[in-house]
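Visitor: A predicted structure for the sequence below; I have some questions about it.
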Amino acid sequence: MRMSRRQLLGGIAATGATVALTSVALASGAESKEGKKTGEKTGERAKEPVRLELPRPTGHHPVGVTELHLTDRTRREPRWTGAGERFRELMVGVWYPAARGGEAPPAPYMRPRAADAYGAGAARILKLEPGDIDWAGFTTHARTGADMAPGRSRRPVVLYAPGMYNERTLDTTAVIELASHGYIVVTVDPTYEAHAVEFPGGRVVEVAPGLGAIEPVAARNKAALDVRVADIRFVLDQVEALSRGRVPHTLPRGLATALDPSRIGMFGHSLGGMATAETMRLDRRIRAGVNLDGPLGYDWADPDQLLPVARTGLDRPFLQMGAWLTTSDSRRPHTHRHSPSWRAMWRNSTGWKRDLWTETAEHNSFTDYQTVLPGLAEHFTLPKGLPTQMVGRVDARRFTASRRAYLTAFFEQHLRGRHQRLFDGPSPRHPDVRFID
């Protein structure tokens, strides 16, 4: 079966044989900005590369971030990575409420060499020059290595998993929002699956061609998902170890003792949403989860290819937020009323659940692309139809605010026990979001 856009998955860049969006037939009839030709830039080439500013967080905490290089010595890299007998390696970001003051430097959006590799692929898709956009230089509203905010109580932990082929940075907007409200957020790079992962010392690991060579599609998605789930469970082990004072890493002051391993949640986009659900099925340390537009089948064009979690359901809180489910021969709302895998999950789950749908959004509206693409369109004329196909017609600022609000409210209710009226029904403050009963 031909891979759909969603199976090639959720990014605008790639560095190897597997190129996100290469299968997209760009929408016809949509005028590119100011009626100019596809790929033509607005005015002369900028003297300096474009650096975008991500939305500011709304919480009262400043935000700090640090990185961990983790090695799981109980596992080898999968065969499809071509990495031989190397132990499984991960790069992890930890975002947290930070102490005020200090001299910590601003945090980059990506490490510089990973940004170079990512930007080269993005330039091909966007019809720009590789140096036109400074991906590492985006404003993240976080400080590298800042001290942890003081406090007597431990803080809930939330894990984030990106979509297939995507880096852990691809929802920094939501991650920083949660950290500003007092959560410690752990973001996990899928090594050899993401476009580019940079390790200390500048070593860059790019997407492994062996993953794209796995056929059929269901086997490919299962191979990637199985590794993701094992990665997350290993990271959960590390969170527990750090909270108990076993700190083999140099961490910002106060961070390790602030982790609360008894209150862990998780959210993810696309394959990351699938990983959230499957990890919850296998590991009860995750108390609540959010799936951002991720199908719950190994091949979402085949209703018989359900994930195990869709067949068993969950007995803990689970939120699903969707847009459209697009395959090679159909397009339908991604809700439990229209998607066989979401319907199975809904029927079989006994825990708290909600299904939220946004008609004018698209698959990548649940990532930083909802902010990035409109921002880039102010500087460049992007390929005709690409922004609409990536992030739909929804108002970018309004939907970003809505998505962050529902994510934060979900974890407030289920990790902190604070009832959120936002889930009692539709809100006039968030007119794009519909409740699906």
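Guide: Okay, I see it.
Visitor: can I get the lengthiest strand in the chain in PDB, CA atoms only?
Guide: Counting by DSSP state E, the longest strand found in the chain is strand 63-76. Taking C-alpha atoms only, strand 63-76 is exported to PDB below (Å, rounded to 0.1, in the frame of the first residue of the first chain):
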ATOM      1  CA  VAL A  63      11.800  28.100  32.400                       C
ATOM      2  CA  GLY A  64      15.200  26.300  32.400                       C
ATOM      3  CA  VAL A  65      16.400  23.400  30.300                       C
ATOM      4  CA  THR A  66      19.200  20.900  30.400                       C
ATOM      5  CA  GLU A  67      20.100  17.900  28.300                       C
ATOM      6  CA  LEU A  68      21.000  14.300  29.300                       C
ATOM      7  CA  HIS A  69      22.900  11.800  27.200                       C
ATOM      8  CA  LEU A  70      21.500   8.400  28.200                       C
ATOM      9  CA  THR A  71      22.800   4.900  27.300                       C
ATOM     10  CA  ASP A  72      20.600   1.900  27.900                       C
ATOM     11  CA  ARG A  73      23.100  -0.900  28.500                       C
ATOM     12  CA  THR A  74      20.400  -3.600  28.600                       C
ATOM     13  CA  ARG A  75      19.500  -3.000  24.900                       C
ATOM     14  CA  ARG A  76      21.400  -2.900  21.500                       C
END
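Visitor: following the chain onward from it, which element is next?
Guide: Later in the chain than strand 63-76, the nearest helix or strand by DSSP states H and E is strand 87-97.
Visitor: how about the strands in the stretch 51-200 of the chain?
Guide: Assignment of strands within the stretch 51-200 of the chain using DSSP state E, counting those that start in this stretch yields the ranges 63-76, 87-97, 143-144, 155-161, 184-188, 196-198.
Visitor: of all these, which one comes closest to S339?
Guide: Checking the strands of the stretch 51-200 of the chain against S339 by Cβ to Cβ gives strand 155-161 as the closest, at 19.7 Å. The way it works is simple: take the backbone N, C-alpha and C, and place the C-beta from them, glycine included.
Visitor: what comes into contact with the closest one?
Guide: Identification of contacts with strand 155-161 by Cβ atoms under 8 Å, 6 or more residues apart in numbering yields 96-97, 168, 171, 174-175, 178, 182-188, 190, 228, 232, 235-236, 239, 258-261, 263-269, 271-273, 275-276, 286, 411, 415-416.
Visitor: which SS class is V205?
Guide: strand (DSSP: H, G, I helix; E, B strand; the rest coil).
Visitor: what about it, distance to D147?
Guide: From V205 across to D147, the span is 31 Å (Cβ to Cβ, to the nearest Å).
Visitor: more crowded one of these two?
Guide: V205 (21 against 18; other Cβ atoms under 10 Å).
Visitor: find the nearest non-adjacent residue to that one, please.
Guide: V197 (4.8 Å; Cβ to Cβ, 6 or more residues apart in numbering).
Visitor: in contact with that neighbour, which residues?
Guide: Residues in contact with V197 (Cβ under 8 Å, 6+ apart) are 91, 114, 167, 189-191, 204-206.
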